[in-house]
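In: Provided below are the primary sequence and the corresponding predicted coordinates.
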Amino acid sequence: MKITMVKKILADGSPCQKCGEVEHKMRQAGQLDRIDEILIADERDLASPGMLLAGELGVDRAPFFVVEEPGKPPLVYTVYLRFVKEILDQKTDDRDELREILDGNPDLDFI
C-alpha cells in the first residue's frame, strides 16, 4: 500500500492552515511515518505535483490523502479523521469526524 498526502500552498505563498493543523496532529500521533510521499499543491504553480494530482483525481480541497494498492483504483480521503479510522485503523471520535466534514462543507447542516 502506498499513501500520499497532498498539502497546499496558497496563492499568496502562505501554507494552508488546515494542512498545517492536520500535519501537526499526525506528527503528535506518530502517523507521519505511515505516509510514503508528501506532495505540495502550490496554487501559484498549476504544474506542481500536488495540483496535477488534485486535477487528475478531481479533488478541490486540501489536505487530502491518496491510498494506492496494486490492482485497485486509488482511494481518496479529504476528511482526515475518516482516513485515520479507515486506513490507519485508529479510533476516532464520530463527532470530531462530523465536525470536520461540516467545516469542509459550509453548505451542509445537521437536520
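Out: Alright, I've got the coordinates. Numbering: from 1, shown residues only.
In: now for the residue nearest to the spatial centre of the chain: which residues touch it?
Out: Centroid check for the chain by CA atoms, centre = their mean gives Phe64 as the closest residue, at 1.9 Å. For Phe64, the contact set (CB atoms under 8 Å, 6 or more residues apart in numbering) comprises Met5, Val6, Ala54, Val76, Tyr77, Thr78. All C-beta atoms are positioned from the backbone trio N, CA, C, and that covers glycine.
In: adding distance to Asp45, pLDDT and neighbour count, write these out as JSON lines.
Out: JSON lines is the format used below for these (distance: CB to CB, whole Å; pLDDT from 0 to 100; neighbours: other CB atoms under 10 Å):
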{"residue": "Met5", "distance to Asp45": "18", "pLDDT": "98", "neighbour count": "25"}
{"residue": "Val6", "distance to Asp45": "14", "pLDDT": "98", "neighbour count": "26"}
{"residue": "Ala54", "distance to Asp45": "12", "pLDDT": "97", "neighbour count": "22"}
{"residue": "Val76", "distance to Asp45": "21", "pLDDT": "98", "neighbour count": "17"}
{"residue": "Tyr77", "distance to Asp45": "24", "pLDDT": "97", "neighbour count": "20"}
{"residue": "Thr78", "distance to Asp45": "21", "pLDDT": "95", "neighbour count": "19"}
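In: name the helices or strands packed onto the longest helix seen in the chain?
Out: Assignment by DSSP state H gives helix 17-29 as the longest helix of the chain. Contacting helix 17-29 under the criterion 3 or more CB pairs under 8 Å, 6 or more residues apart in numbering; DSSP states H and E are the following elements: strand 2-9, helix 80-86.
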